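K.L.:
Give me the fold of what follows.
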Amino acid sequence: MKKAFRGVAHHLDPVVSVSDRGLSDGIIAETERALTDHELIKVKVDALQKADRLAITEMLAEQTQATVIQNIGKVAVLYRKNQRPNPKLSNVSRYLG
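P.N.:
Residues are numbered from 1 along each chain as shown. Model prediction:
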């Protein structure tokens, strides 16, 4: 399933951007909203060190009960299943449904 999600995510643009200052309540809230609407999203993390980017991505996934599908450079792909997805908004429903 991860391979299919990576294929869908390839065409997406990041919808959440995390500055090098790290996570804030606003970023977590925006990620929650995006995951609820889209299920599969890209997040851009602007930390300088790779270890910092991975740690921020893991913390964000943990805070939002999401799964990290992929990390490439400064972009991470997160997924969280929505029990009642909106077919017009959900990237998973639109591309895999």
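K.L.:
Now do the residue nearest to residue 19 when sequence neighbours are not counted against residue 73, distance only.
P.N.:
Closest residue to residue 19 apart from its sequence neighbours, by Cβ to Cβ, 6 or more residues apart in numbering: residue 46 at 5.4 Å. For glycine as for every other residue, the C-beta is placed from the backbone atoms N, C-alpha and C. Distance of residue 46 to residue 73, computed by Cβ to Cβ, to the nearest Å: 11 Å.
K.L.:
ok, now residue 50?
P.N.:
9 Å.
K.L.:
my guess is the residue nearest to residue 19 meets residue 20, correct?
P.N.:
Yes: contact criterion Cβ atoms under 8 Å: residue 46 and residue 20 qualify, at 5.0 Å.
K.L.:
Give me the contacts around stretch 80-97.
P.N.:
4-5, 7-9, 11-12, 35-41, 64-67, 79 (Cβ atoms under 8 Å, 6 or more residues apart in numbering).
K.L.:
spatially speaking, which residue is in the middle of this protein?
P.N.:
Nearest to the geometric centre of the chain sits residue 78, at 3.1 Å (Cα atoms, centre = their mean).
K.L.:
need the contact list for it.
P.N.:
Per Cβ under 8 Å, 6+ apart, neighbours of residue 78: 31, 35, 40-43, 57, 60-61, 64, 66-69.
K.L.:
Double-check that it belongs to a strand.
P.N.:
Yes: under DSSP: H, G, I helix; E, B strand; the rest coil, residue 78 sits within a strand.
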